[in-house]
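**Student:** next come a sequence and a model predicted from it.
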Amino acid sequence: MSDIKIRAKSKNGVTTVKCLMSHPMETGLRKDSKSGELIPAHFIQEVVCKAKGEVVMTASWSGGVSKNPYLSFKFAGGAEGDPVEITWTDNRGQTQSATTTISS
Amino acid sequence: ADWNEAAFKAKEMPEALSALVGSESAERDGRIHIKAPDIAENGAVVPVTVEAEIDGVTSIAIFAEKNQTPLIAAFELGPNAMPFASTRIKMAETADVTAVVKAGDQVFRNSRTVKVTIGGCGG
């Protein structure tokens, strides 16, 4: 099961996509409060957003994006029932993907 | 697109900008709208929305100028994407949030100050 939540809504020819991902988004600059050691960097580096199989947007991120990232974008077109797919890849090479369909 | 390590690891704004768009400066442009709180009580979660009334936008980048590495996010837009991006960012301290918008070979920027009362980068 994927931890990505996506909503895609089409209105007046524009589709708005909102999504939430589950990720710790560690910058690598933070120290563990007990051991005092640096917590290794662990963050999403790339999010690829596709609609009907075509890339609409590619986001590149640093650890400066908040924990459990939120992302919203808009694109022209998109019809009810079209698939929207979100795939992220983090700096450790882990990846997760989820798909939804556009509602109106 | 490959993750732009030079831009993301840059510690100063001009260096990050140069690595990202190939130029250290950009014209300030009021057609870029940045929606962010005037005062963020929690620097760990600052909602930022960037929208540009500019034709042919190909990328949008978000910077928090006083973070240890200012570049937070860079969005490459496909031909159907609207010039819009929204996310939540961490801010170490009160600083300008800057949006840099590229349309073809033109680069524009705009900034908005966000006052942070509790920093979000731990420590």
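**Tutor:** Thanks, I have it. Numbers count the residues shown, from 1 in each chain, chains lettered A, B, ... in the order given.

**Student:** just want the most central residue of chain B.
**Tutor:** Nearest to the geometric centre of chain B sits B:I62, at 1.3 Å (Cα atoms, centre = their mean).

**Student:** so, in contact with chain A or not, the helix or strand hosting it?
**Tutor:** For B:I62, the host element (DSSP states H and E) is strand B:57-64. Yes: contact between strand B:57-64 and chain A, assessed by Cβ under 8 Å from any Cβ of the partner chain, occurs at B:A64. Every C-beta, even on glycine, is put in place using the N, C-alpha and C of the backbone.

**Student:** for that strand, C-alpha coordinates in PDB please.
**Tutor:** Output of strand B:57-64 as PDB, limited to C-alpha atoms (Å, rounded to 0.1, in the frame of the first residue of the first chain):
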ATOM      1  CA  VAL B  57       6.800  29.500 -17.700                       C
ATOM      2  CA  THR B  58       9.100  26.500 -17.800                       C
ATOM      3  CA  SER B  59      10.200  26.400 -14.100                       C
ATOM      4  CA  ILE B  60       9.500  27.700 -10.700                       C
ATOM      5  CA  ALA B  61      12.000  27.600  -7.800                       C
ATOM      6  CA  ILE B  62      11.400  28.400  -4.100                       C
ATOM      7  CA  PHE B  63      14.200  29.700  -1.900                       C
ATOM      8  CA  ALA B  64      14.300  30.600   1.800                       C
END
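
**Student:** so what are the sheet partners of the following helix or strand past it and their directions?
**Tutor:** Of the helices and strands lying after strand B:57-64 in sequence (DSSP H and E), the nearest is strand B:71-77. Strand B:71-77 sits in its sheet next to strand A:54-61 (antiparallel), strand B:57-64 (antiparallel), going by DSSP bridges.

**Student:** start and end of stretch B:9-17, how far apart?
**Tutor:** This stretch, stretch B:9-17, spans 11 Å end to end (Cα to Cα, to the nearest Å).

**Student:** same thing with stretch A:48-66?
**Tutor:** Using Cα to Cα, the end-to-end distance of stretch A:48-66 comes out at 18 Å.

**Student:** need the winner for burial among the strands paired with strand B:71-77.
**Tutor:** Mean neighbours per residue, mean count of other Cβ atoms under 10 Å in any protein chain shown, is largest over the strands paired with strand B:71-77 for strand B:57-64, with a mean of 25.

**Student:** ok, residues contacting that one?
**Tutor:** By Cβ atoms under 8 Å, 6 or more residues apart in numbering or on different chains, the surrounding residues in contact with strand B:57-64 are A:64, B:13, B:16-17, B:20-21, B:48, B:50, B:52, B:70-77, B:83-85, B:87, B:89-92, B:95, B:97-104.

**Student:** buried ones among these?
**Tutor:** For those, a neighbour count by 16 or more other Cβ atoms under 10 Å in any protein chain shown gives the buried set as A:64, B:13, B:16-17, B:20-21, B:48, B:50, B:52, B:70-77, B:83-85, B:87, B:89-92, B:95, B:97-103.
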